[in-house]
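[1] Let me see the structure of the following:
(one chain, ligands or ions: 2)
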Amino acid sequence: MSRRPVLCLGAGRMGRGIAHAMAHGGHDVRLLDMKPRDPADFRRLKDEALAEIGSSLSMVADLGGFDPALVGDILGRVSVHPADRAEAAFAGAELIFEAVPETHDAKAAAFALVDRHAESDAILASTTSTMLATELAGLTALPGRTLNAHWLNPAFLVPLVEISPSDQTEPDTLARLERILEQLGKVPVRCKASPGYIVPRIQALAMNEAARLVEEGVASAEDVDRAVKYGFGLRFGVLGLLEFIDWGGGDILFHASRYMTQATGEQRFAAPAIVNDKMENGQIGLRTGQGFFDYSDRDIDAYRRERLGAFLAAVRNAGLWNQPVTSADEPRRSPPEQ
Ligand SMILES: NC(=O)C1=CN([C@@H]2O[C@H](COP(=O)(O)OP(=O)(O)OC[C@H]3O[C@@H](n4cnc5c(N)ncnc54)[C@H](O)[C@@H]3O)[C@@H](O)[C@H]2O)C=CC1
Ligand SMILES: O=C(O)[C@@H](O)C(=O)[C@H](O)[C@@H](O)CO
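    Ligands and ions are numbered 1, 2, ... in the order given. The predicted model follows:
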């Protein structure tokens, strides 16, 4: 299978992380430094970028991710190009990741460069954390081939990439980008142009609530993070948020949201209409066969067994699974350090 070159506009944190991921997946990757610099300054940037990618590749390999003997070949797929050699860097590139700073001017300059040099079938994917695809579409003459691809940090480890098209993005562009990412082993999900995509929107609430717990003196920072690592994160890593609503019961969420709102006087705990409506319609999840997902045709026992198996594997993988106690004088187990 042939893999065409990938271009990253911007050789900063995201550009380097994406270059690592794409090179690992067999692509030649060109990092285009978007800032005009004198030759010595460019050489420093180039050496620094390649050294950082080499070191993150080595770290993953040394941690058991892949054979360390492959690091050199993978790093050899990455090249860094100066701003005044843009044309050569664009030649043949099927996929362009824009990864310049999160300012309108930097994005506009990068998109203008794409308009000038991109191949006629190239896809332009912005890595912006906050700007909507619908806004960015106005910055390019190629809105049909432009969309957002929001990677999570570290890009070379987190499988998820959130893809957000504008209403002008051509379906073929979306499908091609998904195919390329899937070939890489990534897991693309689609979302509309809406602030915060999926993960940043959910995690902003969760992160702020965690900070608030510390601010209010409810729990120490250590205990908040232990709660997340050994409960919240572990379980939602297996079940997902909506699946767990169905698993535990939408009725529990309905009542919990009411209680929390009344007890704290804070509207941020109120359930959205969809939770209240499902409660009213008896769509509370596994128990009624319908919730956010439809279980009516499913073998619930087989489903539970499969999910519990995944859960057990996650607990075991975290080194937290214990065999049953078989003798009264077995020493007590101690909890993990962190
Ligand atoms: N850092 C992160 O964790 C994440 C960042 N993003 C998004 O990725 C994009 C890139 O972010 P980072 O890689 O963190 O930025 P960065 O500051 O590390 O890198 C930006 C690169 O763009 C280039 N550049 C072009 N025009 C520039 C200008 N006018 N001033 C300075 N540098 C210029 C430089 O080569 C610089 O290295 C942003 O849109 C950001 O919101 C998305 C997800 C996570
Ligand atoms: O990895 C991430 O979560 C980033 O891609 C982000 O988008 C930002 O860190 C943002 O969510 C800040 O909360």
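
[2] For Glu48, grab the count of nearby residues.
    Glu48 has 13 neighbouring residues, counting by other C-beta atoms under 10 Å. The C-beta positions use only the backbone N, C-alpha and C, and glycine is treated the same way.

[3] part of a helix, is it?
    Yes - the assignment for Glu48 is a helix, going by DSSP: H, G, I helix; E, B strand; the rest coil.

[4] so Ala227 sits right up against Ser220, yeah?
    No - Ala227 is not in contact with Ser220 according to C-beta atoms under 8 Å; the separation is 10.4 Å.

[5] With neighbour numbers in mind, choose between the two.
    Ala227 (14 against 11).

[6] contacting residues for the more buried one?
    Ala219 (C-beta atoms under 8 Å, 6 or more residues apart in numbering).

[7] Repeat the analysis, applying 10 Å as the threshold.
    210, 213, 219, 233 (C-beta atoms under 10 Å, 6 or more residues apart in numbering).

[8] Could you tell me which residues touch both of Ala227 and Ser220?
    Leu213.

[9] Of the contacts of Ala227, which is the most crowded?
    Neighbour max across these (other C-beta under 10 Å) = Ala210, 18 neighbours.

[10] Give me the secondary structure label for it.
    helix.

[11] Which helix or strand contains the nearest residue to it once chain neighbours are set aside?
    Nearest residue to Ala210, sequence neighbours excluded (C-beta to C-beta, 6 or more residues apart in numbering): Val224, at 5.1 Å. Per DSSP states H and E: Val224 is located in helix 221-227.

[12] ok, now Arg304?
    helix 300-317.

[13] For that helix, name the packing helices and strands.
    Helix 300-317 sits against helix 233-239, helix 241-248, with contacts defined as 3 or more C-beta pairs under 10 Å, 6 or more residues apart in numbering; DSSP states H and E.

[14] Gly15 is in contact with Ala155, isn't it?
    Yes - between Gly15 and Ala155 there is a contact at 9.5 Å, judged by C-beta atoms under 10 Å.

[15] shared neighbours, those two?
    97, 99, 127.

[16] can you give me the strands for the stretch 51-200 of the chain?
    78-81, 95-98, 123-126, 146-151, 160-165, 187-190 (DSSP state E, counting those that start in this stretch).

[17] Could you pull up the contacting residues of Gly144?
    So Gly144 contacts 123-124, 137, 165-166, 168-173 (C-beta under 10 Å, 6+ apart).

[18] Count residues in the vicinity of Glu52, would you?
    Neighbour number of Glu52 under other C-beta under 10 Å is 16.

[19] Distance of it relative to ligand 2?
    For Glu52, the distance to ligand 2 equals 18 Å [C-beta to the nearest ligand atom, to the nearest Å].

[20] okay, the spatially closest residue to that residue that is not a sequence neighbour: pLDDT?
    Using C-beta to C-beta, 6+ apart and skipping residues adjacent in sequence, the residue nearest Glu52 is Arg16, 5.5 Å away. Reported pLDDT at Arg16 in the predicted model: 98.

[21] what angle do the helix or strand containing Arg16 and strand 160-165 make?
    Using DSSP H and E, Arg16 sits within helix 13-24. Relative orientation of helix 13-24 and strand 160-165, computed by axes from the mean of the first three to the mean of the last three C-alpha atoms, to 10 degrees: 110 degrees.

[22] Could you pull out the buried residues of the helix or strand that helix 13-24 is followed by?
    For helix 13-24, the succeeding helix or strand toward the C-terminus, using DSSP H and E, is strand 29-32. Of the residues in strand 29-32, 29-32 count as buried by neighbour count, 16 or more other C-beta atoms under 10 Å.

[23] Of the residues you listed, which is the nearest to Asp47?
    Leu31 (12.4 Å; C-beta to C-beta).

[24] what residues are up against the closest one?
    6-12, 15-16, 18-19, 45-46, 49-50, 53, 78-81, 89, 97, 99.

[25] how about a cut-off of 7 Å?
    Taking C-beta atoms under 7 Å, 6 or more residues apart in numbering, we find Leu31 in contact with 8, 11, 15, 19, 49, 78, 80-81.
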